[in-house]
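In: Model the structure of this input:
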Amino acid sequence: MLGKAYSKEDYDKQFTIRVPENLAKIERVQRFYQENVSDTPIELFGILYLQRERLLEARKRFGDYILPESFEE
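Out: Next comes the predicted model:
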């Protein structure tokens, strides 16, 4: 990449899905909007719910930290 070596370790570090951190972020976003933005579109909460569900399903299948190669076929 750009004439520089890009190790697998660097790639994994950059692109690993960190399930616990992402779940915590979803909770923070949801709490913020519930407490501070009274006219938040209901669709936002539906999207956050679906994201949470996908992350929980991925956690069951792959664990808390999902390496990029987990999605290779």
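In: State the three-state secondary structure for the spatially most central residue of the chain.
Out: Nearest to the geometric centre of the chain sits Asn22, at 4.2 Å (C-alpha atoms, centre = their mean). Secondary structure, DSSP: H, G, I helix; E, B strand; the rest coil: Asn22 is helix.
In: The residue nearest to it when sequence neighbours are not counted: which element?
Out: In this structure, Asn22 finds its nearest non-sequential neighbour in Leu55, 5.6 Å apart by C-beta to C-beta, 6 or more residues apart in numbering. To be clear about C-beta, it is placed using only N, CA and C from the backbone, and glycine gets the same treatment. For Leu55, the enclosing helix or strand under DSSP states H and E is helix 42-62.
In: in its sheet, what does the next helix or strand after that helix sit against?
Out: Going down the chain from helix 42-62, the next helix or strand is strand 65-66, by DSSP H and E. Strands flanking strand 65-66 in the sheet, each with its direction: strand 17-18 (antiparallel) (DSSP bridges).
In: What's the mean pLDDT across the partner strand?
Out: Mean pLDDT, computed over strand 17-18, is 98.
In: Over to stretch 38-53?
Out: 97.
In: Check stretch 66-73 too.
Out: 86.
In: and it, C-alpha only, in CSV?
Out: Coordinates of each C-alpha in stretch 66-73 appear next as CSV, following Å, rounded to 0.1, in the frame of the first residue of the first chain:
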residue,chain,number,x,y,z
ILE,A,66,-13.7,-10.7,15.1
LEU,A,67,-10.8,-10.8,12.8
PRO,A,68,-11.3,-9.8,9.1
GLU,A,69,-10.6,-13.3,7.8
SER,A,70,-13.6,-14.6,9.8
PHE,A,71,-15.8,-13.3,6.9
GLU,A,72,-13.9,-15.0,4.1
GLU,A,73,-15.7,-17.7,2.3
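In: hang on, the earlier thing: could you check how many residues crowd around the residue nearest to Asn22?
Out: 18 (other C-beta atoms under 10 Å).
In: And Asp12, by the same measure?
Out: Neighbours of Asp12 using other C-beta under 10 Å come to 13.
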